[in-house]
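1. Output the structure for:
(2 chains)
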Amino acid sequence: MTSKLTLYKQVTLLCVALVVLTAFSLLTVSLWNTVRFNEQQINQRISNAENVLKEYLKAKEDLLVTASKVLTADFGFKQAVATQDKGTIESVLQNQGARINASLMILTDTEGQLISSNEDALLNNPEFRSSLNAIKLNTNKTQLAEVDAALYQLIVLPVKAPRIIGYAIIGFKIDQVFVNELKRLTAVDISFYHNDERLISTFERPLNTEDSGLNKTTTAWLFMERTAFENKRVGVNSVQGDQYFALLSADLSPSYQELDKLLMTILVLSIFIICLAVVASSFLARSLTRPLNNLTDLANAFAEGHYQTNKANIKGSLEVNDVYDSFVKMGQQVLERETKISYQAEHDALTDLYNRSTLIDVLSSYIQISEGESQNKLLVMSVNIRNFKRINDTLGSDMGDLALSAVAKRISGFYSDRQPIAGRLSGVEFFIAIPYDDQCAYEQLIEAFVVELKSPVQVHNLRLNLNFRVGACLYPSQGNSAKELVRRTTIALDATKSEHRQFRLYKEGEDEAYLERLSLVEYLREVMAGTTEELFMVYQPKLNLKTQKIEKVESLIRWIKADGTFVSPELFIDLAEQSGLIIKLTHWVLDSVLKQQAAWLASDVKLKVAINISAQDIVHADFIDFLFQKIDTYRVDPNLITLELTERDIMTNEDLVISRLNQLKRLGIQISVDDYGIGQSSLGKLKQLPIDELKIDKTFILELDQSEKDQQIVSSTIELSHKLGLSVVAEGVENEASLNMLREMNCDHIQGYFLSRPVKPDVLIEWLSAYDQ
Amino acid sequence: MVFHLRSIQLVFALLCWLSRGVFADTFLILDQNGTPIKGAVIELTEVEGSSPIVDKNQPVVMDQINKQFVPELLVIKANDDVSFPNSDNIRHHVYSFSPAKPFELKLYSGQPNDPLTFEKPGIVVLGCNIHDSMVGYIYVAKTEYVEVTNDEGLAFIDPNLIYQSVKVWHPYQSGGHMTVTIVQRDNLTPSGDGNQVFEIALSLQAPEPRKTLHNVLEYDH
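-> Numbering: from 1, shown residues only, chains lettered A, B, ... in the order given. Okay, the predicted model is just below:
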């Protein structure tokens, strides 16, 4: 699973993620714990406050009850009450009340009807009277009661003298001092309520609505609203809908502050640490990736072929350094191998000379370098070892290799101070380019070279006398590109073979002729492929000497290029044979001729046509099939077809040729041997061949009337042929005398300019009709 | 059960009446549950005729024994004298705030100087300032025609007396300790066949528990 993130980012992300995770978990845990702790604290506080409130109220109650009981048991008090004198009672209430700091002193009769009070204003207050009725006559226990919109802690006690003569209601006001004292003790705010109406509270600000303010969430913090107070209701006394309770309100804001402080601290710390982590991890990542990047650069350099690197200290970890060192070593080794392979690619394995392609490159670069400097001349020579195959066969290939090596060494060592460029062009062909200048003429060099070559070659304990052929070319006078020079040298070398010389210097124009011949082949190929009329067949009639009639013609191919240039058939047929194009050419010829023959037959002209074919044609696998196909296509009678092969061509690959000829003969096709007499066949061979006709070569016929020797030869040839059952055609009849002679010799047919040149088919038809008359 | 009790009482009344040998009006005072009330005071008002009178010359005694008034209920006639000897070895501070006779005998022991004369008829509640639970009652009758019910809740009246109404009083009445019930003579309907037994019902409440000084500071529950 490949990641799209770089290592750098991965490392950074990892570190940061870890820190974030840690910080976050710490934050969460500590927050959680702190919140819970705070909650517990608050709950504890409220619980404590509740207890304190209850105890405080109870303590106050105890005091109240004690004081009140003592008061109501006082004889003087009882006495005053018993007088039933309102004035007295009021004053005693005020006095005794003041003694115990009671805010409220009320006296009622045994029915609960108000008699007197320490505040005479209250006596006349109807609300007061009604609220009195709500006070339970629950003696000996304090209760909370609202009297005249104020909250009192009341105790109702009977006044006994000794039987109950009335009830004293003694009340202690729950005022601001009271609640503030409570707050001081409990550390929470306290509010007292009567049936959801707030009577008194430690909160200073007055509330418009009841206690909704306390439940309202006040503090807003980070989009959260938090309750401002934790409230708890403590019932004090309640009976059937008349509820008095205290509301304890713990202010949460201090704990919130603490919490927020904690939170902020952790956040800031975390952010700080995260930043630190980012920076540190980016350093770490860089220190990891930089060496890797160096490695990548190195690898890229290798990919581009630059294997040589300096061993830089890349300051990575041990592992990375190891990898880097390995890379460098690898690079060096690759470089070594590459050098070696390059060398092998450029040099011949056996002789250590340049191979052909490298040779050309080296030569090209030499030429390029020496461009413009006219004194940089080169003598370029191709050397061929004659009959090397014989040596290989005789002495074995190992010895042959050694011989080649020795020759190569000799060649490359020639004038080594001039720093020649030596190479091996092919199996037995070597090459050397020696710089020379005007001081040392090239002729001298050539002479010296040939002499050098002539000396015997020492191989093991054998002295071999080898024969060489040398073709030479000059730079810059005879060529100015490497390929040109090599090609021209080869041409010169080929010329040594045909001219039977040992040495041959290139002649001007040969290359062009050579190239032209090459282009001609290509041109021919194109011409055959197209529907041009450059290529066409001409027909030369053969006269039957006995009947004086024309029944046979020979088909010949002619090529006139579009620009009017006549291309010699010998040339292009020779080229076709050399390039293997002859097969296609013959096909073309067959097609053309048979088509023509069919056309003639259609217009009632029956002529036997002879077609020239080569050795390559006859041995080609497809030839017979093709011929049969064409015969079918054009519906030509096979008897009207003669195939002419030269004597020489028949002799190559005899057995195959003979079997093919037999095949053809079975079909009814006639076989004719062309250029007879100049070949190398024996008479014995002749009698074996499945042939029908011999054509005496024109060299014997051209000057027949003047050469007795020719007459003898021709005469005997004709006789011999007849004896073997073959008919004879004499080619090259150019005068009447020869014709007459041939008639006397009983030659069957003649062919020559005397009769007619080869002409186009329509011309032939015309000539035939003219001749008939 | 009540039914049984009633029938027994009737028979007993009859027997008592028979044992006396003289015709007498009998008053039976019952509480709200039908239980006979002991110590209820019955006073006749506007009497015609004569009948034996209680001795009047001796001063009547209201003693204090064992931090209690003895007797708890004293029935006297107006203008009778009552002396208050203190037979306890601790001092008492006897007082009364009753309108009939407010008085105070401050912290004494033994015999106070003079007996006190109770001129006004009415109910006098006595208490001790030191001992809150000491309570006594003196019923000052207007005339000598006053009786107290016995253990069976019965009181006997000379049938020859002609009176207008009957005042009935008991200290533990639920209406308050000063409540006096007045029943007109005409409204009295005898129960039982032939014999004049008048039943009058009072509503009582339990007496307040006895308190001593050291109980003052305790809670009631």
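
2. Next, the closest residue to B:Y95 other than its chain neighbours: phi, psi?
-> In this structure, B:Y95 finds its nearest non-sequential neighbour in B:E104, 4.7 Å apart by C-beta to C-beta, 6 or more residues apart in numbering or on different chains. In this view, the C-beta of every residue, glycine as well, is placed from N, C-alpha and C. Backbone dihedrals for B:E104, given as degrees, to the nearest 10, come out at phi -150, psi 130.

3. dump the residue contacts of B:E104.
-> Counting by C-beta atoms under 8 Å, 6 or more residues apart in numbering or on different chains, B:E104 touches B:H93, B:V94, B:Y95, B:S96.

4. Also B:G110?
-> B:P85, B:N86.

5. now it: how far from chain A?
-> Using C-beta to the nearest C-beta, to the nearest Å, B:G110 is found at 22 Å from chain A.

6. Bridged to the residue most central in space within chain B, which residues?
-> Central residue of chain B (C-alpha atoms, centre = their mean): B:V41, 4.1 Å from the mean position. Beta-bridge partners for B:V41, by DSSP bridges, are B:V148, B:W169.

7. Can you find the helix or strand in chain B with the smallest mean pLDDT?
-> Ranked by mean pLDDT, DSSP states H and E, the weakest helix or strand in chain B is helix B:2-20, scoring a mean of 61.

8. now for the lengthiest helix in chain A, which elements pack on it?
-> For chain A, the longest helix by residue count, based on DSSP state H, is helix A:7-73. In this structure, helix A:7-73 makes packing contacts with strand A:142-147, strand A:150-160, strand A:164-173, helix A:176-186, strand A:229-239, strand A:242-251, helix A:253-303, judged by 3 or more C-beta pairs under 8 Å, 6 or more residues apart in numbering or on different chains; DSSP states H and E.

9. Determine the next helix or strand in the C-terminal direction from it.
-> Next in sequence after helix A:7-73, counting helices and strands by DSSP states H and E, comes helix A:75-83.

10. which residues touch the closest residue in space to A:D175 that isn't next to it in sequence?
-> Leaving aside its sequence neighbours, A:D175 sits nearest to A:I200 (C-beta to C-beta, 6+ apart; 7.0 Å). If you count contacts by C-beta under 8 Å, 6+ apart, A:I200 has them with A:A150, A:L151, A:I174, A:D175, A:Q176, A:F178, A:V179, A:S191, A:F192.

11. domain ranges for the chain?
-> Here I'm looking at chain A. Following the assignment in automatic domain parsing, chain A carries domains at A:350-508, A:517-772.

12. oops, I was thinking of chain B
-> Segmentation of chain B into domains, based on automatic domain parsing, reads B:2-51+B:146-201, B:60-141.

13. Kindly compare burial across the ones you listed and name the winner.
-> Compared across the domains of chain B, domain B:60-141 shows the largest average neighbour count, a mean of 18 (mean count of other C-beta atoms under 10 Å in any protein chain shown).

14. Name whatever forms a beta bridge with the residue of the stretch 251-400 of chain A found nearest chain B.
-> Distances between the stretch 251-400 of chain A and chain B by C-beta to the nearest C-beta are smallest at A:D251, namely 36.2 Å. According to DSSP bridges, the partner residues bridging A:D251 are A:F229.

15. B:F198 contacts B:S191, correct?
-> Yes: assessed by C-beta atoms under 8 Å, B:F198 is found in contact with B:S191 at 7.4 Å.

16. what is in contact with these two at once?
-> B:L28.

17. who are the neighbours in contact with the spatially closest residue to A:L284 that is not a sequence neighbour?
-> Among residues not flanking A:L284 along the chain, A:V11 sits closest, at 5.9 Å (C-beta to C-beta, 6+ apart). Contact partners of A:V11, counting by C-beta under 8 Å, 6+ apart, are A:S281, A:L284, A:A285, A:L288, A:T289.

18. roughly how far apart are A:V11 and chain B?
-> Using C-beta to the nearest C-beta, A:V11 is found at 79 Å from chain B.

19. now the angle from the longest helix of chain A to strand A:142-147?
-> With axes from the mean of the first three to the mean of the last three C-alpha atoms, to 10 degrees as the basis, helix A:7-73 and strand A:142-147 are set at 90 degrees to each other.

20. Report the inter-axis angle for helix A:7-73 versus strand A:229-239.
-> Between helix A:7-73 and strand A:229-239, the angle comes out at 30 degrees (the same axes, to 10 degrees).

21. Contact residues of chain A facing chain B?
-> With C-beta under 8 Å from any C-beta of the partner chain as the criterion, chain A meets chain B at residues A:65-66, A:69-70, A:73, A:75, A:78-79, A:82-83, A:110, A:139-141, A:160-165.

22. Among the residues you listed, the buried ones, what's the ChimeraX command?
-> This is how ChimeraX selects the buried members of the residues of chain A next to chain B, with burial counted by 16 or more other C-beta atoms under 10 Å in any protein chain shown:
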select /A:65,69,73,78,79,82,110,160,161,162,163,164,165
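
23. Can you give me the pLDDT of residue 211?
-> All of this is about chain A. With respect to pLDDT, A:D211 scores 47.

24. wait, chain B
-> Predicted confidence (pLDDT) at B:K211: the value is 45.

25. Next: A:F302.
-> The model reports A:F302 with a pLDDT of 83.

26. next one: B:P115
-> In this model, B:P115 is scored at 87, pLDDT.

27. Same question for A:A610.
-> A:A610 carries a pLDDT value of 94.

28. From A:D625, how far off is it?
-> For A:A610, the distance to A:D625 (C-beta to C-beta, to the nearest Å) stands at 21 Å.

29. Over to B:A206?
-> 153 Å.

30. One more: A:L288?
-> 75 Å.

31. before we move on, what about A:V177?
-> Distance of A:V177 to A:D625, computed by C-beta to C-beta: 138 Å.

32. Ok, A:A82 next?
-> Distance of A:A82 to A:D625, given as C-beta to C-beta: 165 Å.

33. Tell me if I'm right that A:V156 and A:I164 touch.
-> No: in this structure A:V156 lies outside contact range of A:I164 using C-beta under 8 Å: 11.6 Å.

34. residues contacting the residue of chain A most remote from its centre?
-> If you look at how far each residue of chain A sits from its centre, by C-alpha atoms, centre = their mean, the farthest one is A:T83, at 123.0 Å. Counting by C-beta under 8 Å, 6+ apart, A:T83 touches A:I89, B:F97.

35. Relative to A:L144, how far out is A:N195?
-> On the measure of C-beta to C-beta, A:N195 and A:L144 end up 11 Å apart.

36. nearest spatial neighbour of A:R198, skipping sequence neighbours?
-> Ranked by C-beta to C-beta, 6+ apart and with sequence neighbours excluded, the top spatial neighbour of A:R198 is A:S191, at 5.5 Å.

37. meant to ask about B:T189
-> Computed as C-beta to C-beta, 6+ apart, the closest residue to B:T189 that is not its neighbour in sequence is B:F198, at 7.3 Å.

38. ok, now A:Q308?
-> Of all residues beyond its chain neighbours, the one nearest A:Q308 is A:L335 (6.0 Å), with distances taken as C-beta to C-beta, 6+ apart.

39. Report all helices and strands that the strand or helix carrying the one you found contacts.
-> Element membership of A:L335, judged by DSSP H and E, is helix A:318-346. The contact analysis (3+ C-beta pairs under 8 Å, 6+ apart) places helix A:318-346 against helix A:253-303, helix A:356-369.

40. Nice, that's everything, thank you.
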